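Colleague: Quick check, what structure comes out for this input:
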Amino acid sequence: MDNKKNSKGQGPSGNILDLENPISPGTGTGPDSPLEPDQASRRALKQKRQSDAVLEPSPKRKKKPQKKQLSAKSRRRISQVDRERLVSLYAPYSPQGKRIDILRSQLLYPFHGDPPRIVMVSSSVPGEGSSLLASNLAVSFARGLQQYVLVIDCNLLRPVQGHTFGVPERPGLSDYLENGNTEVQDVIHWSKVDKLSVIPAGTPSHRSAELLATDKMAGLLQELRSRYSDRYIILDSPPVQAVDDPSVLARWVEGIIFVVASGTTDREVVMRSLSRLPEERIIGLVLNDRASAISDAASIGPVGGEGV
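Modeller: Modelled structure (predicted):
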């Protein structure tokens with residue numbers, strides 16, 4: 001009987017060990033019973049790990065930054081705003097879209113002289129719709145059979161064209177003008193609209209007038225004009241009464257379209273603004289109805305700020 005019991009691992013001469021419930025060589029099976037050396041080592045190691053887990057807090061894992069996602073409702077609102085604002089893209093045959101096409105035709109086929117290849121769009125004060133008119137005019141050009149168009153966002157403090165056409169904001173115009181390592185091809189981004197490319201404003205700069213007045217800016221425009229004979233260049237300029245940038249840019253362009261918000265902007269403000277621009281380069285005034293779809297809309301989501 002004793003040898004039979006020992007063969008099941010209940011005596012010192014047994015060959016089978018129950019590791020989950022170690023049997024002591026003497027009497028008892030509790031934690032205070034004497035253990036063999038290898039079992040004592042395992043018990044000590046287990047107790048040490050348990051005590052370390054209590055005394056030392058587990059290291060915090062760094063959470064990966066999560067991108068902010070817009071709700072479906074916000075996306076629907078933004079999409080609706082884009083469709084209402086970019087009438088030349090989403091509603092080209094609407095009354096507003098046809099009026100922009102008429103403006104494009106007047107630029108392409110003037111009664112006298114050659115069509116201007118570098119056109120600046122500006123206004124007196126923010127919120128008159130010049131940025132959105134520049135966007136719609138660019139789309140109208142791109143819809144033509146033979147015309148390519150490049151939009152340059154020259155509003156280095158409050159840019160909108162990069163977001164409007166869904167291109168990266170950087171690198172952009174300010175990066176090219178300030179950084180000697182940035183090439184022209186680095187700042188030209190193709191948009192979702194066929195035949196329409198964009199040079200966004202780039203890194204915001206408070207030295208916008210100084211940058212736009214450089215010979216490098218003049219050389220950029222001349223290079224773009226001479227390299228692509230079928231490309232029209234539209235400059236989105238800040239308001240005349242806000243900064244000196246439009247007066248600086250006016251030296252490099254061949255035509256100026258001036259936007260006036262109907263029933264909003266004071267006549268004296270308009271006249272003062274026009275006096276700061278070269279009269280011979282002003283090719284048209286656009287009376288913009290703030291209630292129409294081509295006026296700049298209020299800020300909704302990432303459409304971002306009231307255009308200027």
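Colleague: C-alpha from now on. contacts and neighbour counts both.
Modeller: Fine.
Colleague: quick one: average pLDDT of the helix or strand harbouring A138?
Modeller: Using DSSP states H and E, A138 sits within helix 130-142. In this model, helix 130-142 has a mean pLDDT of 94.
Colleague: which helices and strands sit right next to the helix or strand following that helix?
Modeller: Counting by DSSP H and E, the element after helix 130-142 in chain order, helix or strand, is strand 148-153. Packing partners of strand 148-153 (3 or more CA pairs under 8 Å, 6 or more residues apart in numbering; DSSP states H and E): helix 130-142, helix 161-164, strand 196-199, strand 231-236.
Colleague: how much space is there between S205 and R158?
Modeller: Using CA to CA, to the nearest Å, S205 is found at 10 Å from R158.
Colleague: Same check on P116?
Modeller: As defined by CA to CA, P116 lies at a distance of 26 Å from R158.
Colleague: same deal with T182?
Modeller: 22 Å.
Colleague: all helices in the chain, in order from the N-terminus.
Modeller: 2-5, 37-55, 72-85, 87-90, 95-108, 130-142, 161-164, 173-178, 184-187, 208-212, 215-227, 245-249, 267-275 (DSSP state H).
Colleague: tell me, which of these is the model least confident about?
Modeller: Across the helices of the chain, helix 2-5 gives the lowest mean pLDDT, at a mean of 47.
Colleague: How many residues are close by the closest residue to L277 other than its chain neighbours?
Modeller: Distances taken as CA to CA, 6 or more residues apart in numbering put S247 closest to L277, at 5.9 Å, once the chain neighbours are dropped. The tally of other residues near S247 (other CA atoms under 10 Å) stands at 17.
Colleague: wait, doesn't S247 sit right on V240?
Modeller: Yes - the criterion here is CA atoms under 8 Å, and S247 meets it with V240 at 7.4 Å.
Colleague: got any residues that touch both of those two?
Modeller: R276 (CA atoms under 8 Å, 6 or more residues apart in numbering).
Colleague: any low-confidence regions in the stretch 201-308 of the chain?
Modeller: Along the stretch 201-308 of the chain, segments meeting pLDDT under 70 span 290-308.
Colleague: And stretch 148-167, end to end?
Modeller: 17 Å.
Colleague: Now do the buried residues in that stretch.
Modeller: Neighbour counts over stretch 148-167 (16 or more other CA atoms under 10 Å) mark 148-156, 158-162, 164-165, 167 as buried.
Colleague: What of stretch 109-120?
Modeller: P115, P116, R117, I118, V119, M120.
Colleague: go on, stretch 166-185?
Modeller: V167, P168, E169, R170, P171, G172, L173, S174, D175, Y176, L177.
Colleague: Tell me which residues touch the last one, please.
Modeller: Translated: L177. Applying CA under 8 Å, 6+ apart, the residues contacting L177 are L211, K216, M217.
Colleague: between the residues you listed, which has the most around it?
Modeller: Of the contacts of L177, with other CA under 10 Å as the count, L211 tops at 20 neighbours.
Colleague: Skipping its backbone neighbours, what lies nearest that residue in space?
Modeller: L177 (6.4 Å).
Colleague: Look up how far E169 lies from that neighbour.
Modeller: L177 is 15 Å from E169, by CA to CA.
Colleague: now do P200
Modeller: Taken as CA to CA, the span from P200 to E169 is 5 Å.
Colleague: joint contacts of those two?
Modeller: G162.
Colleague: and stretch 110-122, how far apart are its ends?
Modeller: Per CA to CA, stretch 110-122 runs 20 Å from first to last residue.
Colleague: Kindly report the same for stretch 124-136.
Modeller: First-to-last distance for stretch 124-136 - CA to CA - comes to 19 Å.
Colleague: Likewise for stretch 181-190?
Modeller: 21 Å.
Colleague: which residues touch it?
Modeller: Outside stretch 181-190, the residues that reach it (CA under 8 Å, 6+ apart) are 167-168, 170-173, 175-176, 196-200, 220.
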